[in-house]
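Peer 1: Coordinates for the following, if possible.
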Amino acid sequence: MTTTETRPSPPKKRPVWVLPLGAVIVAFLAFSFPPYLSLDPTKSRVPEGFPGHYYFLLAHIAFGTVAIVSGFLQVWPWFRRKHRRGHRVAGRLYVFAGVIPAALAGLVVGATSPFGPVGRFSAVILVSLWLTTTIIGYRRARQRRFADHREWMIRSYTLTASTIVNRFWAPVLAISFEPYIDTMFDGSQTAYIYTVAGLTSWLSWVLPLIAVEGWLIHLRGRRKPAA
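Peer 2: Predicted coordinates for the structure are as follows:
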């Protein structure tokens, strides 16, 4: 009688992006959050657009922080695989204590942004897509269509993380355009700020979303059985 030797399955590769993404999130929160802990409007990094603007901004930041942290747990493969119940709890936090309240407050903040009409338009589109992708992702989970759920939540978290990408583009564009204030912008600081803010706003979510969509299409193609 012959026996067949069962070979152990090779260990799964750990995603190399988890640790760097976690480090970036910690650094981002450490930089962005402290000025708002005192609840002092004079320390805000965003000029007040209307009376009460600061409190909508605080709500957006607080709920957005919940979305960033709980969303990280959602896209972390190890956590999702080993802690199913924790994944479900984090998912509900992400949707109902993170994205939805942060997006509603962000819609007010974005639509009244003091950084120009191009930035305001981008903010409204971003928030609309953020809510849409999140709600669709949640519904797909409720329908137990988990492959679709993961794709929509990846899109959603890409939009969540656009606020982090924003911190990269803002200084890059500000430094790039500064030498042209007297020529391209006729010495207008307002035109310069509006241009930098508008481009930063669009680039921060459009480019990552395109990249992620391309990656999802690539993964779908790999999953298809060979003809």
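Peer 1: Excluding chain neighbours, what is closest to Ser162?
Peer 2: Trp205 (3.8 Å; CB to CB, 6 or more residues apart in numbering). C-beta here means a position set from N, CA and C on the backbone, and glycine is covered the same way.
Peer 1: same thing with Phe63?
Peer 2: Residue nearest to Phe63 in three dimensions, not counting chain neighbours: Ala102, with 3.6 Å by CB to CB, 6+ apart.
Peer 1: What of Pro15?
Peer 2: Closest residue in space to Pro15, ignoring its immediate chain neighbours: Pro77 at 5.9 Å, by CB to CB, 6+ apart.
Peer 1: The residue nearest to Phe63 against Ile68, yeah?
Peer 2: No - with contact defined as CB atoms under 8 Å, Ala102 does not count as touching Ile68 (9.2 Å).
Peer 1: Give me the more crowded residue out of the two.
Peer 2: Ala102 (26 against 21; other CB atoms under 10 Å).
Peer 1: and the residue nearest to Phe63, how far is that from Met184?
Peer 2: Distance, Ala102 to Met184, using CB to CB, to the nearest Å: 35 Å.
Peer 1: Repeat that for Ser44.
Peer 2: 29 Å.
Peer 1: quick one on the thing from earlier: need the three-state assignment for the residue nearest to Ser162.
Peer 2: Classification of Trp205 by DSSP: H, G, I helix; E, B strand; the rest coil places it in helix.
Peer 1: So what's the residue count around it?
Peer 2: Trp205 - counted by other CB under 10 Å - has 23 other residues nearby.
Peer 1: Would you state the helices of the protein in chain order?
Peer 2: Listed in chain order, the helices found in the chain under DSSP state H are 18-32, 53-75, 77-82, 84-92, 100-111, 117-142, 146-160, 162-177, 189-223.
Peer 1: got the buried residues for the worst-scoring helix or strand of the chain on mean pLDDT?
Peer 2: Using mean pLDDT, DSSP states H and E, the weakest-scoring helix or strand in the chain turns out to be helix 77-82, at a mean of 84. Of the residues in helix 77-82, Phe79, Arg80 count as buried by neighbour count, 16 or more other CB atoms under 10 Å.
Peer 1: Give me the nearest residue to Phe185, chain neighbours excluded.
Peer 2: In space, and not counting its chain neighbours, Phe185 is closest to Ala191: 4.3 Å by CB to CB, 6+ apart.
Peer 1: Let me know which of the helices of the chain is the nearest to Asp40.
Peer 2: When the helices of the chain are compared by CB to CB, helix 53-75 sits nearest Asp40, at 9.1 Å.
Peer 1: what residue ranges in this structure are flagged as low confidence?
Peer 2: Regions of the chain meeting the criterion pLDDT under 70 cover residues 1-14, 224-227.
Peer 1: tell me, how many neighbours does His218 end up with?
Peer 2: His218 has 10 nearby residues by other CB under 10 Å.
Peer 1: repeat for the one 5 residues further on
Peer 2: The burial count assigned to Arg223 is 8, neighbours taken as other CB under 10 Å.
Peer 1: just Ile210 next, same as before
Peer 2: Ile210 is flanked by 11 other residues according to other CB under 10 Å.
Peer 1: how near is it to Thr163?
Peer 2: Noted for Ile210: a distance of 18 Å to Thr163, by CB to CB.
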